[in-house]
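Trainee: No sequence on hand, only this structure:
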DNA sequence: GCTACTTAACCGTCCAGCCGGTACAGTAAC
DNA sequence: GTTACTGTACCGGCTGGACGGTTAAGTAGC
């Protein structure tokens, strides 16, 4: 689908130029398409960003699901490190790009609430599980901004040991 | 100093309108100053954002220092929750605003590296300390986007218990 | 000839930065 | 004590350029 290629181009752009660089013309050019062509698929810039966010959330939820681990926390943990190690994390630069309009972050807030609460009380050690999930969030954040300062393998082992 | 009032105005604006709302005219108006007056203090928009970031980093470093705890991790932990509970965290919406130009995030990356590495190997349990710091980062992130989904008191107790 | 898709040219808006101007507080020479 | 000069703080109109979005005119496949 051409739509996905356009979203890919937009993600690349965001990653190495920041939200400043995310203009319709730039996205179109990187995707090898004209501006009109881009607007054929997305009604406007807002729709483009919204689509990026929804794709990312869907993708990560699918990764969690695909782990079929014994607990949601374990699945979330594995998905997090898998995303980081397979470079999929780069895509999340979108978040920074969407920050221009707080309303666009609403779906993300909703997803975050799900990731941090889903099935928490049904797990063996809710408190520990919550901390592990928060630590994952932290790893994610650090990996986004300065990937080099953490030994991911060691941290993952440490977190698994806690559970 | 008038300079600080201008930075305050910019922070407020970023918080409730996103980076989109951060225009020189808007900042000036909120601070009760003309655009020319604003530009007298900051050579341009970039300088304004840079100043905001530097002020925030300095502020947080000062908070860590002020804890004079036995370990950096404990101080970092206490500073994090203090920042959240005193509402100081709201200021960090700047980060989203600065994302327009990745270069502006460089000082933040540097600070983050410091917060996650400083004195880590000299602490009793480096591995656990690192996880606690990462969890703090996660708490921070969650508090920024959806403050309501975490019981901060409980999480802080849990983290202190780990150390 | 209809649908899916693409193109280039164009418009209106918005904004950052510039610049000429104002007010005022020193201060120093006479 | 008044005049002339200087530096600091602040003002607001202007402009050039960039960007989002529109439109009218294609093109290719079926």
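Mentor: Here it is on my side, so go on. As the structure is a prediction and not an experimental result, all values here were calculated from the model.

Trainee: Count the neighbours of residue A:70 for me.
Mentor: For residue A:70, the count of nearby residues is 11 (other CB atoms under 10 Å in any protein chain shown). Every residue, glycine included, has its C-beta placed from N, CA and C.

Trainee: Tell me the helix or strand right after the lowest-mean-pLDDT helix or strand in chain A.
Mentor: Lowest on mean pLDDT, DSSP states H and E among the helices and strands of chain A sits helix A:94-98, with a mean of 66. As assigned by DSSP states H and E, the chain's next helix or strand after helix A:94-98 is helix A:106-117.

Trainee: Could you tell me how far the following helix or strand past that following helix lies from the centre of the chain?
Mentor: Going down the chain from helix A:106-117, the next helix or strand is helix A:126-145, by DSSP H and E. Helix A:126-145 sits 14 Å away from the centroid of its parent chain (CA atoms, centre = their mean, to the nearest Å).

Trainee: Helix A:126-145 to helix B:106-117, inter-axis angle?
Mentor: Angle, helix A:126-145 to helix B:106-117, by axes from the mean of the first three to the mean of the last three CA atoms, to 10 degrees: 140 degrees.

Trainee: and helix A:126-145, anywhere near chain B?
Mentor: Yes. For helix A:126-145 and chain B, the contact criterion (CB under 8 Å from any CB of the partner chain) is met by A:127-128, A:130-131, A:133-142, A:145.

Trainee: Now that helix: buried residues?
Mentor: Under the neighbour-count criterion of 16 or more other CB atoms under 10 Å in any protein chain shown, helix A:126-145 has A:128-145 buried.

Trainee: So which elements touch that helix?
Mentor: helix A:72-85, helix A:106-117, helix A:152-162, helix B:106-117, helix B:126-145, helix B:152-162 (3 or more CB pairs under 8 Å, 6 or more residues apart in numbering or on different chains; DSSP states H and E).

Trainee: ok, 6 Å please
Mentor: When contacts are defined as 3 or more CB pairs under 6 Å, 6 or more residues apart in numbering or on different chains; DSSP states H and E, helix A:126-145 sits against helix A:72-85, helix A:152-162, helix B:126-145.

Trainee: closest to DNA strand C out of those helices?
Mentor: Ranking the helices and strands packed on helix A:126-145 by proximity to DNA strand C (CB to the nearest atom of the strand) places helix B:126-145 first, at 23.2 Å.

Trainee: which other residues reach that closest one?
Mentor: The contact list for helix B:126-145 (CB atoms under 6 Å, 6 or more residues apart in numbering or on different chains) reads A:109, A:112, A:131, A:134-135, A:137-139, A:141, A:158, B:73, B:76-77, B:80, B:84, B:89, B:116, B:120, B:123, B:150, B:159, B:162.

Trainee: ok, back up a step: contacting DNA strand C as well, which ones from the residues of helix A:126-145 next to chain B?
Mentor: For DNA strand C, no contacts are drawn from the residues of helix A:126-145 next to chain B by CB under 7 Å from any atom of the strand.

Trainee: from those, which two are the most distant?
Mentor: Pairwise distances across the residues of helix A:126-145 next to chain B (CB to CB) peak at 27.7 Å, for the pair A:127 and A:145.

Trainee: Work out for me the element the residue located most distally from the centre of chain A sits within.
Mentor: Residue distances from the centre of chain A (CA atoms, centre = their mean) peak at residue A:36, which lies 28.1 Å from the mean C-alpha position. Following DSSP H and E, one finds residue A:36 within helix A:35-41.
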